[in-house]
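[1] requesting a structural model of the entry that follows:
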Amino acid sequence: MRRFVALSAAVLAGLGLFTTAGSANPESAVPELAQHVVSGWVGTWAAAPAAAVPNTPDGYPGYSIRNVVHTSAGGGRARVHLSNAFGTTPLTFGHVTVAVQGSGPDAVPGTLRSLTFGGSPVVVVPSGAEALSDPVNLRVPADANLLVTTYVPAKSGPVTYHPAAAQTSYFTRDGDFAASESGAPYTEQTSVWHYVSGVDVQGGAEASIVTLGDSITDGVGSATGANHRWPDYLADRLHGHYGVLNAGISANRLLLDVPGSGAGQNALARFDRDVLGVGGVRTLIVLEGINDIQQDPHQTDPAAITSAYRQLVAQAHARGIRVLGGTLTPFKGWRVYDDTLEATRLAVNAFIRTSGVFDGVIDFDAAVRDPADPLRMRPAYDSGDHLHPGDAGYERMAQAIRLDRL
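    Next up, the predicted model:
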């Protein structure tokens, strides 16, 4: 039996997720704050570990790295996930902090908290593993930036990271400045996230939504630092009632790994870590498969892709998670486009729309395609490469999601 969250009609109505005859279009409904107490842990931000930073055999000894991450939901307590998923040796964190971001690498005064792990400020994370911090009391705002700072005191081996952050973070090579409220020591910048893979909050949102996908979910083509990925726009529509966790990895595929590319493990291989292992998950949105079609080697048998969907849904349902399938968006004009690949995409989309395997369908294809040429993305939504949407396209994708289906 699926463990879906049971809500009364009155609560659903308060959230804008319950409609009656004559009610507003659920696609444009905006949830209002429900008057209830939430006690469980819910993810507010996530970034799926994708690979090891190339050419980092010693790691980053002596570095303090101040990762900037954006919350979807707020709460009164926080805890942080750190990853050594692609490390080859044990990784020691000597000092880790979390704070609300002020300007750039500056923390808002009074918000910086040093984290512990089983009561210790130091934690050793084996290769392939993750560490979860002890909770700290911190008023975490929804729709705001946090600073998660890590200090690694010694050589640690390859560094696990998420390459396509679309966010500027900061670092220093000069030692432990994790507890510095001032950003002055952080004289260098990076465009990726190192080590940090998630932030949970308690006392705010009732559950989380996970978005599993590739570069289109990761936000490639969106403005840096603007939080204009389609999961961000979805979080804006939900106003902090649910956490929205981005499990997109650029170039990721359902069926194959792409060694050395930074594209992560295939979606089925990483599913347990990036989806099932996340706390408080209510709903999964799947938008993945275009890279299986357009990347070399091309997957032109729709049955192989749809079989992977069936397996994702089966595993999610076994954990009581609702699954919505997103149709694959147009890519005519992309560098490898041809009729054979397009036929595969159309067949996969027909399966998503009509098979009944998913608990609901989000027609991203219909939302962004050009009415004058439905195999192509509408120019106003196209980032310019004919595969990835730009900011307007990502916003339109989020608008296509019916909130009453989540």
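
[2] who touches residue 337 in this structure?
    Taking C-beta atoms under 8 Å, 6 or more residues apart in numbering as the criterion, residue 337 is in contact with 294, 331, 386. Where C-beta positions appear, they are placed from N, C-alpha and C, glycine not excepted.

[3] burial of the second one, as a residue count?
    What that stands for is residue 331. 23 (other C-beta atoms under 10 Å).

[4] circling back: okay if I get the contacts of residue 337 as CSV plus distance to residue 138, secondary structure and pLDDT?
    CSV is the format used below for those (distance: C-beta to C-beta, whole Å; DSSP: H, G, I helix; E, B strand; the rest coil; pLDDT from 0 to 100):
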residue, distance to residue 138, secondary structure, pLDDT
294, 43, helix, 98
331, 42, coil, 98
386, 43, coil, 98
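
[5] and of those, the nearest to residue 82?
    residue 294 (33.5 Å; C-beta to C-beta).

[6] correct me, but the closest one touches residue 334?
    Yes - counting by C-beta atoms under 8 Å, residue 294 does reach residue 334; the two are 6.6 Å apart.

[7] list the helices and strands the helix or strand residue 211 falls within packs on?
    For residue 211, the element it lies in under DSSP states H and E is strand 207-213. In this structure, strand 207-213 packs against strand 41-46, helix 230-238, strand 242-248, strand 281-287, with contacts taken as 3 or more C-beta pairs under 8 Å, 6 or more residues apart in numbering; DSSP states H and E.

[8] pLDDT of it, averaged?
    If you average the pLDDT over strand 207-213, you get 98.

[9] stretch 138-153 too?
    What stretch 138-153 shows for mean pLDDT is 98.

[10] check stretch 276-291 too.
    95.

[11] also stretch 343-357?
    Mean pLDDT, stretch 343-357: 98.

[12] how about that stretch: buried residues?
    344, 345, 346, 347, 348, 349, 351, 352, 357 (16 or more other C-beta atoms under 10 Å).

[13] from those, which is closest to residue 272?
    Minimum distance to residue 272 across the buried residues of stretch 343-357 is 19.8 Å, recorded for residue 357 (C-beta to C-beta).

[14] wait, is the closest one part of a helix?
    No - counting by DSSP: H, G, I helix; E, B strand; the rest coil, one finds residue 357 to be coil, located in no helix.

[15] follow-up on the earlier one: quick one: which of residue 294 and residue 334 has more around it?
    Neighbours per residue (other C-beta under 10 Å) separate residue 294 from residue 334, with residue 294 holding more: 21 against 16.

[16] which residue sits closest to the more buried one, ignoring its sequence neighbours?
    In this structure, residue 294 finds its nearest non-sequential neighbour in residue 336, 5.4 Å apart by C-beta to C-beta, 6 or more residues apart in numbering.

[17] isn't the one you found up against residue 291?
    No - Residue 336 is beyond contact range of residue 291, at 10.9 Å (criterion: C-beta under 8 Å).

[18] export stretch 361-379 to CSV, keeping only CA atoms.
    The C-alpha trace of stretch 361-379 is given here as CSV (Å, rounded to 0.1, in the frame of the first residue of the first chain):
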residue,chain,number,x,y,z
VAL,A,361,1.6,13.1,-17.0
ILE,A,362,3.3,16.6,-17.4
ASP,A,363,3.3,17.5,-21.1
PHE,A,364,6.5,19.5,-21.2
ASP,A,365,6.6,18.8,-25.0
ALA,A,366,3.3,20.5,-25.6
ALA,A,367,4.2,23.4,-23.3
VAL,A,368,7.3,24.5,-25.1
ARG,A,369,6.9,23.4,-28.7
ASP,A,370,6.5,25.8,-31.6
PRO,A,371,2.9,25.7,-32.9
ALA,A,372,4.3,26.5,-36.4
ASP,A,373,6.7,23.6,-36.2
PRO,A,374,5.8,21.2,-33.4
LEU,A,375,9.1,19.3,-33.7
ARG,A,376,11.0,22.4,-32.7
MET,A,377,11.1,24.4,-29.5
ARG,A,378,9.3,27.8,-29.6
PRO,A,379,12.0,30.4,-30.3
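
[19] what's the mean pLDDT across that stretch?
    98.

[20] chain center to that stretch: distance?
    Computed by C-alpha atoms, centre = their mean, to the nearest Å, the separation of stretch 361-379 from the middle of its chain amounts to 23 Å.

[21] other residues contacting that stretch?
    Outside stretch 361-379, the residues within contact range by C-beta under 8 Å, 6+ apart are 285, 287, 324-333, 342, 349, 352-353, 381, 386, 389, 393, 396-397, 399-402, 405.

[22] now do the buried residues in stretch 263-281.
    Burial within stretch 263-281, assessed by neighbour count using 16+ other C-beta under 10 Å, is assigned to 263-267, 270-271, 273-275, 278-281.

[23] comparing residue 336 and residue 291, which residue is more hemmed in?
    Applying other C-beta under 10 Å to residue 336 and residue 291 shows that residue 291 carries more neighbours, namely 26 against 12.

[24] look at the more buried one and tell me its secondary structure.
    helix.

[25] picking up where we left off before, and after the strand holding residue 211, which helix or strand comes next?
    helix 215-218.

[26] which helices and strands sit right next to that following helix?
    Looks like helix 215-218 contacts helix 230-238, strand 242-248 (3+ C-beta pairs under 8 Å, 6+ apart).

[27] now, which of the buried residues of stretch 343-357 sits nearest residue 140?
    Using C-beta to C-beta, these come closest to residue 140 at residue 352, 35.2 Å.

[28] so that closest one sits against residue 324, correct?
    No - checked against C-beta under 8 Å, the pair residue 352 and residue 324 is beyond contact range at 9.8 Å.

[29] and the strands in the stretch 251-400 of the chain, which stretches?
    281-287, 322-326, 360-362, 369-370, 373-377 (DSSP state E, counting those that start in this stretch).

[30] can I get those in CSV including distance to residue 105?
    Below are the strands of the stretch 251-400 of the chain laid out as CSV (distance: least, C-beta to C-beta, whole Å):
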stretch, distance to residue 105
strand 281-287, 32
strand 322-326, 35
strand 360-362, 37
strand 369-370, 41
strand 373-377, 36
